[in-house]
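Student: quick one: sequence plus predicted model below, questions after.
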Amino acid sequence: MERLRQRADFLATATGTKVPAAAFVLQARKRSDEGPVRFGFTVTKKIGNAVERNRVRRRLREIVRHAKAARMCAGHDYVLIGRRAALTHTFARMAEEFEAALRRMHPEWQGNTSIA
RNA sequence: UCAGUCGGCUGGACGGCCGCUCCGGCAUUUCACCGAAAGGUGGCCGGGGAGGAAAGUCCGGGCUCCAAGGACAAACGGUGCCGGAUAACGUCCGGCGGGGGCAACCCCAGGGAAAGUGCCACAGAGAGCAGACCGCCCGUCUUCGCGAAAGCUUCGACGGGUAAGGGUGAAAAGGUGCGGUAAGAGCGCACCGCGCCGGCGGCAACGCAGGCGGCACGGCAAACCCCACCGGGAGCAAGACCGAAUAGGAGCGGCGCGGGACGCAAGUCUCAGGUCCUGUCCGGAUCAGCCGUUCGGGUAGGUUGCUGGAGGCGGCGGGUAACCGGCGUCCCAGAGGAAUGGCCGUCACGCAUGUGGCUCGCGCUACAUGCCUUACAGAACCCGGCUUAUAGGCCGGCUGAUAUG
RNA sequence: GCUGCCGUAGCUCAGUGGUAGAGCACUUCAUUGGUAAUGAAGAGGUCCACAGUUCAAUCCUGUGCGGCAGCA
């Protein structure tokens, strides 16, 4: 999984479309090139102390790792902003929410995948 | 057994599936991808992978750079009983002094207020080399009453004595007792306190006993200050190496040369700067621009610093202890938008609820279900401390009370 | 990583070792036919928390909590 590392990438992605969920907010932005999908994670200090912030980021990362790659479009940057509910919600429920958020993010792809 | 106090340890266990990162080995190693470059990423196997506080950043060091001839001082900041430990410390250990507690034990902190400056509100008569408000006593005068008188007694005024008692205050001119006195008072005596002197014990802080002095010297220096000791500054984003584009610097080569007027333009006319060769004139070169190329500095970026160390463990020796010495053994996290994880199963612990048993009751115990899967909390150059947070569990020393033998 | 500042009434801020104030806001009364303005009176405080120094702490010292700002 390619990771976003530069602050400029995060700022650029923040201008794209946003899809809120209970445990996170999903942001996406199409890049000009057709490179691989890249992911970034943002967990602010408002969420909690360092232990809780680390835990939110790790759970979100595992959700992305287990998600179906077909939903994600190449040449896009995604940013997941953690919320405090990511500490307590069950893993299966959060994975479901992530799939739903990807469907809302790319409605034109829903038809393609159902046909395929 | 109960209550207390001090110290130490621990901080869930086992397993399955899927991942992350570092190290080592093998393979690839003229390979593939990203990048302008520096450089980075990519396979398989094995091994390692958060804490007692990793936290707060309150101190002390190592390390690195900067500054500085050396030492001292000034300014500023810090520390402060004595001795020891240590690389060092504001830390630790042992002892001294004061306070609290029946005790185990706990808490506090230098000297100087007779070097100087300053503050001590309110209350109170008097508060800094301080004081007679009430009171007590004496004398004179007056007044009430008793009395034959001497005298006693009551009210008041004036003069004086007095620091015992009352009252104010955080603090009131050493404290308690006896004597003494008109009443009192270190006025005298005893004990305690205080000061001075020399003696003894102790490395020292200090302690012990003795003599002398009738007491002179209130508190605050976490108020200024004096004394002694310590401190050059910055911090791994330190520093080192590699190194685009753009702008700027230097060298070389080529082309070109400033201002004004007229003109659509080509061009024409006119005026002319700095430096050098020459002091002046003339003449010449060159600069006031552009392009190319080379060089050095250096930004973004990359690599490194980066983990073997005042290191851990075991037993031995020295020391009351903190700690030290030597021996054996082990290698034990190194990320970089930041790895050390996600999901699941079983068990242990804990909590809650229900049911059964024991019990007057508190409660104890067995089973079932549910919850938390643990409290506080995440390395960021590395160590030694301090402080703060912390569910539950375990071990040991000591003290007091009670019971039994 | 390093450094500085702040925390006082509902809000914005003074303040000093000796029982804590200002402006706005709030309540009541007066004024007006009524409202505003104005005038008078009043209420409201763990001086961020805990220890220590002091006779006495909002102030001095230490520790903690929260907030703001700066440098590299």
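Tutor: Here it is on my side, so go on.
Student: what packs against the helix ranked longest in chain A?
Tutor: In chain A, with assignment by DSSP state H, the single longest helix is helix A:50-66. On a contact count with 3 or more C-beta pairs under 8 Å, 6 or more residues apart in numbering; DSSP states H and E, helix A:50-66 meets strand A:38-42, strand A:76-82, helix A:91-105. For the C-beta atoms, the positions are set from N, CA and C on the backbone; glycine is no exception.
Student: so which of those is nearest A:Ala21?
Tutor: Closest of the helices and strands packed on helix A:50-66 to A:Ala21 is helix A:91-105, at 4.3 Å (criterion: C-beta to C-beta).
Student: what lies in contact with the closest one?
Tutor: Helix A:91-105 is contacted from outside by A:17, A:19, A:21-24, A:26, A:28, A:59-60, A:62-64, A:66-68, A:71-72, A:86, A:110, using C-beta atoms under 8 Å, 6 or more residues apart in numbering.
Student: if we go to 7 Å?
Tutor: For helix A:91-105, the external contacting residues (C-beta atoms under 7 Å, 6 or more residues apart in numbering) are A:17, A:19, A:21-23, A:26, A:28, A:59, A:63, A:66-67, A:71-72, A:86, A:110.
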